[in-house]
Structures are given as C-alpha cells and as structure tokens.
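S.K.: Take a look and give me a structure for this.
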Amino acid sequence: KHLYFSVFHLLSHNRAFQALHAHNIKVKRMTKMQSMMKLIGKLARMLVAMAREGQTFSADKAQPPLAA
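M.R.: Predicted coordinates:
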C-alpha cells in the first residue's frame, strides 16, 4: 500500500519515474496499472540497494535502456 502511494507520488513529481512509466506504456505496451506494479517492484529493489550500499538516488541509473 505504501509503495503504491510512493510510486503514485513519484509519477507526479519525478522525471526518471515518469520516463520509465512512459517507456512501459508506449514501448512495452503495458496498461497503466501493469506499469505501476512494475515500478513498485523497481522502487522496492532500488530502496534495498540504496540501503545496502549506502548510496543516494541517481536518476541516471533509473532510466530505461535506449531503444535499439
């Protein structure tokens, strides 16, 4: 529940997550809810990695891969 609202807030204010959401919807043809669920998993993995490594958030590492 808390991760859902966190991602919902990030989609409003964070350009990196907005770009990931747009990539999921346009390129991967996901519904908006599927994209939200995928971003919840990504946020959870990012939070664990940030806590384990003692690093801060980096938008460069969160960007989707470039289309080939």
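
S.K.: Tell me which residues touch Val7, please.
M.R.: Residues near Val7 by Cβ atoms under 8 Å, 6 or more residues apart in numbering: Phe17, Met36, Leu39, Ile40, Leu43. The C-beta positions use only the backbone N, C-alpha and C, and glycine is treated the same way.

S.K.: Please report how far it lies from Gly54.
M.R.: Distance, Val7 to Gly54, using Cβ to Cβ, to the nearest Å: 23 Å.

S.K.: do Ala22 as well
M.R.: Ala22 is 30 Å from Gly54, by Cβ to Cβ.

S.K.: repeat for Gln18
M.R.: Distance of Gln18 to Gly54, given as Cβ to Cβ: 27 Å.

S.K.: same for the helix or strand containing Ala16, what does it pack against?
M.R.: Under the criterion DSSP states H and E, the helix or strand holding Ala16 is helix 15-26. When contacts are defined as 3 or more Cβ pairs under 8 Å, 6 or more residues apart in numbering; DSSP states H and E, helix 15-26 packs onto helix 2-13, helix 32-53, helix 59-62.

S.K.: could you dump the last one to PDB, C-alpha only?
M.R.: Provided in PDB are the C-alpha atoms of helix 59-62 (Å, rounded to 0.1, in the frame of the first residue of the first chain):
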ATOM      1  CA  ALA A  59      18.300   9.300 -11.900                       C
ATOM      2  CA  ASP A  60      20.900   8.100 -14.400                       C
ATOM      3  CA  LYS A  61      20.700   4.500 -13.100                       C
ATOM      4  CA  ALA A  62      16.900   4.500 -13.200                       C
END
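
S.K.: Against which helices or strands is that helix packed?
M.R.: Against helix 59-62 (3+ Cβ pairs under 8 Å, 6+ apart) you get helix 15-26.
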